[in-house]
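Novice: Here is a sequence together with a model predicted from it:
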Amino acid sequence: MGFATDAIHIGQEPDPATGAITVPIYQTSTFAQEELGKHKGYEYARTSNPTRAALERNLAALEGARFSFAFASGMAAINCLMSLLKSGDHVVAGHNLYGGSFRLFERVLKDFGLTFSYANTCRLQEVEQAIRPNTRMIFIETPTNPIMEITDIVSTGSLAHVRGIRLAVDNTFMSPYFQRPLGLGADLVVHSTTKYLNGHSDGVGGAIMLNDDALAERLKFLQNAAGAILGPFDSWLVLRGVKTLAVRMEQHNRNGMAVARFLQGCHSKIKRVYYPGLPSHPQHELAKRQMTGFGGMISFETGSLANARKVLKSVRLCSLAESLGGVETLISHPASMTHASVPPEHRNRLGITEGLVRISVGIEDVEDIIADLDRALGGI
Ligand SMILES: Cc1ncc(COP(=O)(O)O)c(C=O)c1O
């Protein structure tokens, strides 16, 4: 069936016991067993819970995957993904990752004997040069947060596979509606479901999707062993959210395009707009090839911290807040918020300057979003 149909129905069949049209929230920690070793498929809710299982089936279908595992946050999902590796293994990671992923790698996982190299994964040659004999995984975000750089998933996957390396893609920014990395050759996909999949800014969660049986078995083991699972109520919120993913993403995309064009027209105030849907984006053609839309994430350069501060202080409809992917427009300052844990020299090299502002364009009436930005930009 089509994407929107799958989003509404897979894992979300009417409840066989009562006919309830929405999946019940199985708010239980354990399940009564008929006799030793005889139960209805559920024993203890860390291992498996019917509401989480429904979500995992749904998310697997949306990413074109056979397996999916839901976690307490996007970071818990990324941490579990990295637990597939062993001390002494090396990872090539994108140089412009979400700050929390960089922090996990540098300040937690390094202490467990993993090593990381950061490469501009938009340039295949840089990825190749960063690979070592002990490289086991390439971990990328595409588009990146917040500079919106695009990595060619097909070529990176081929480069990885001939060397026996796995490719993992953080697909949070696009959601499976606009980009399905497994179909392009990635081995693992990870999401912060906190963002577009939930879509309503009312729950934190994460997920991993994949097709490989042996890896899935190991992840199932790790999910239960380490225990950072998504609870039943939060699973239900994501199930509720994904039902409207297709319509929301279409509107995020329409509004994103309109806001990006508006910002690009503000030549005297804005030095640069980062949005893969603009023909001026250096990787617009690649974006068109591997994505079916461009989404609602835009960054723009105001030239200074003072200017960024003025814009962020003057907006009224847009809320100054971390996070993204909700129905409401959020505006933020990556250098001091999402990417504060990235060292300043590294940030500056990437273009995450003090003047950079990021918007997660919501699905309000776009004229209202543009009017709000127009007024806020008037102050600079
Ligand atoms: C691209 C990306 N990946 C992962 C995460 C981490 O997700 P969470 O906040 O759900 O732990 C974020 C959070 O902002 C993100 O933007």
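Specialist: Noted; the coordinates are in hand.

Novice: Which strand or helix spans residue 4?
Specialist: Assigned by DSSP states H and E, residue 4 belongs to helix 3-9.

Novice: Show me what the helix or strand that that helix is followed by is packed against.
Specialist: Next in sequence after helix 3-9, counting helices and strands by DSSP H and E, comes helix 50-62. Applying 3 or more Cβ pairs under 8 Å, 6 or more residues apart in numbering; DSSP states H and E, one finds that helix 50-62 contacts helix 3-9, strand 67-71, helix 175-178, strand 206-210, helix 232-242. For the C-beta atoms, the positions are set from N, CA and C on the backbone; glycine is no exception.

Novice: With just CA atoms, put helix 50-62 into PDB.
Specialist: Only the C-alpha atoms of helix 50-62 are listed here, as PDB (Å, rounded to 0.1, in the frame of the first residue of the first chain):
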ATOM      1  CA  PRO A  50       2.300  -4.600  22.900                       C
ATOM      2  CA  THR A  51       2.100  -0.800  22.400                       C
ATOM      3  CA  ARG A  52       5.800  -0.500  21.700                       C
ATOM      4  CA  ALA A  53       5.600  -3.600  19.400                       C
ATOM      5  CA  ALA A  54       2.900  -1.900  17.400                       C
ATOM      6  CA  LEU A  55       5.000   1.200  17.000                       C
ATOM      7  CA  GLU A  56       8.100  -0.900  16.000                       C
ATOM      8  CA  ARG A  57       6.100  -2.700  13.300                       C
ATOM      9  CA  ASN A  58       4.800   0.600  12.000                       C
ATOM     10  CA  LEU A  59       8.200   2.300  11.900                       C
ATOM     11  CA  ALA A  60       9.800  -0.700  10.200                       C
ATOM     12  CA  ALA A  61       7.200  -0.500   7.500                       C
ATOM     13  CA  LEU A  62       7.700   3.300   7.000                       C
END
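
Novice: Could I get the buried residue list for it?
Specialist: For helix 50-62, the buried set under the neighbour-count rule, 16 or more other Cβ atoms under 10 Å, comprises 50-62.

Novice: Let me see the residues that make contact with it.
Specialist: Applying Cβ atoms under 8 Å, 6 or more residues apart in numbering, the external contacts of helix 50-62 come out as 3, 6-7, 10-12, 23-26, 42, 65-70, 176-177, 191, 193, 197, 207, 209, 229-233, 235-236, 238-239, 242, 245.

Novice: Go ahead and build a PyMOL selection from the buried members of these.
Specialist: Only the buried entries of the contacts of helix 50-62 go into this PyMOL selection, using 16+ other Cβ under 10 Å:
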select buried, resi 3+6+7+10+11+12+23+25+26+42+65+67+68+69+70+176+177+191+193+197+207+209+229+230+231+232+235+236+238+239+242+245
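
Novice: Near residue 303, how many residues? Count them for me, please.
Specialist: The number of residues packed near residue 303 is 16, by other Cβ atoms under 10 Å.

Novice: Let me know whether it touches residue 354 as I believe.
Specialist: No - if you go by Cβ atoms under 8 Å, residue 303 and residue 354 don't touch, sitting 9.4 Å apart.

Novice: What residues does the stretch 1-150 of the chain have near the ligand?
Specialist: Listed as neighbours of the ligand in the stretch 1-150 of the chain under the rule Cβ under 6 Å from any ligand atom: 73-75, 98, 100-101, 141, 145.

Novice: closest to the ligand among those residues?
Specialist: residue 74 (2.3 Å; Cβ to the nearest ligand atom).

Novice: and the closest residue to that closest one other than its chain neighbours, bridged to which residues?
Specialist: Excluding the flanking residues, the one nearest residue 74 by Cβ to Cβ, 6 or more residues apart in numbering is residue 192, at 2.7 Å. Beta-bridge partners for residue 192, by DSSP bridges, are residue 206.

Novice: Which residues are in contact with the closest residue to the ligand within the stretch 151-300 of the chain?
Specialist: Residue nearest to the ligand within the stretch 151-300 of the chain: residue 192 (3.0 Å; Cβ to the nearest ligand atom). Residue 192 makes contacts with 73-75, 77, 98, 170, 172, 205-206, as judged by Cβ under 8 Å, 6+ apart.

Novice: which residues does residue 84 contact?
Specialist: Contacts for residue 84 (Cβ under 8 Å, 6+ apart) come out as 137, 166, 215, 218-219, 222.

Novice: switch the cut-off to 7 Å
Specialist: Counting by Cβ atoms under 7 Å, 6 or more residues apart in numbering, residue 84 touches 215, 218.

Novice: How many neighbouring residues does residue 302 have?
Specialist: 25.

Novice: Please report how far it lies from residue 157.
Specialist: 37 Å (Cβ to Cβ, to the nearest Å).

Novice: now the residues of the stretch 1-150 of the chain next to the ligand: which count as buried?
Specialist: Those of these that meet the buried threshold are 73-75, 98, 100-101, 141, 145, by 16+ other Cβ under 10 Å.

Novice: and the stretch 251-380 of the chain, which of its residues are near the ligand?
Specialist: Residues of the stretch 251-380 of the chain lying close to the ligand (Cβ under 6 Å from any ligand atom): none.

Novice: would you list every one of the helices in the stretch 251-380 of the chain?
Specialist: 284-290, 305-314, 344-350, 366-377 (DSSP state H, counting those that start in this stretch).

Novice: Show me what the second one is packed up against.
Specialist: Going back to what we said before, that points to helix 305-314. Judged by 3 or more Cβ pairs under 7 Å, 6 or more residues apart in numbering; DSSP states H and E, the packing partners of helix 305-314 are strand 356-360, helix 366-377.

Novice: Same list (those) but as JSON lines, adding mean neighbour count, distance to residue 285 and mean pLDDT.
Specialist: Below are the helices and strands packed on helix 305-314 laid out as JSON lines (neighbours: other Cβ atoms under 10 Å; distance: least, Cβ to Cβ, whole Å; pLDDT from 0 to 100):
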{"stretch": "strand 356-360", "mean neighbour count": "27", "distance to residue 285": "24", "mean pLDDT": "98"}
{"stretch": "helix 366-377", "mean neighbour count": "18", "distance to residue 285": "26", "mean pLDDT": "97"}
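
Novice: Fine by me, thanks again.
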